[in-house]
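Participant: Got a predicted structure here, sequence first:
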Amino acid sequence: MIIPTIDMINTGRNILRLRKQQNLSVRDLQDIFGFVTPQAIYKWQRGSALPSLDNLVVLSAVFGVSIDDILALAEPAQELLGA
């Protein structure tokens, strides 16, 4: 059985690319989420943190894409032992 894992760096690159495609600044996203500081958004873009599921839903709506278009899966996927 193949167990997918999320590639945080490429997911961050996707968030950065999609934000720029929508002509949104980090400040725009900060305002949309109601964050006091932009640190979470910068962490997402760097791949040092992932958005929560709730925040992924908002990002997908703001960017007009599916969550699958935001998340990047790591290659090769790990295989579950004994499957």
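Facilitator: That came in fine, so what should we check first?

Participant: contacts, neighbours, all on C-alpha from now
Facilitator: Will do.

Participant: Which neighbouring elements make contact with the biggest helix by length in the chain?
Facilitator: Ordering each helix of the chain by length in residues (DSSP state H) puts helix 8-21 first. Using 3 or more Cα pairs under 8 Å, 6 or more residues apart in numbering; DSSP states H and E, the elements in contact with helix 8-21 are helix 39-46, helix 67-70.

Participant: in the longest one, what counts as buried?
Facilitator: By neighbour count on 16 or more other Cα atoms under 10 Å, the buried set for helix 39-46 is 40-42, 44-46.

Participant: can you tell me how far the nearest residue to Asp69 once chain neighbours are set aside sits from Ser66?
Facilitator: The shortest distance from Asp69 to any non-neighbouring residue, by Cα to Cα, 6 or more residues apart in numbering, is to Asn14 (7.8 Å). Here Asn14 is placed at a distance of 12 Å from Ser66 (Cα to Cα, to the nearest Å).

Participant: Those two - which one has more neighbours?
Facilitator: Neighbour comparison, Asn14 and Ser66: the larger count goes to Asn14, with 19 against 13 (by other Cα atoms under 10 Å).

Participant: got a pLDDT number for Ile2?
Facilitator: For Ile2, the pLDDT comes out at 77.

Participant: what number of residues lie near Asp54?
Facilitator: Residues near Asp54, counting by other Cα under 10 Å, number 8.

Participant: my read is it is in a helix, agree?
Facilitator: Yes - assessed with DSSP: H, G, I helix; E, B strand; the rest coil, Asp54 lies in a helix.

Participant: one step back: and the angle for the longest helix of the chain with helix 39-46?
Facilitator: Computed by axes from the mean of the first three to the mean of the last three Cα atoms, to 10 degrees, the angle separating helix 8-21 from helix 39-46 equals 110 degrees.
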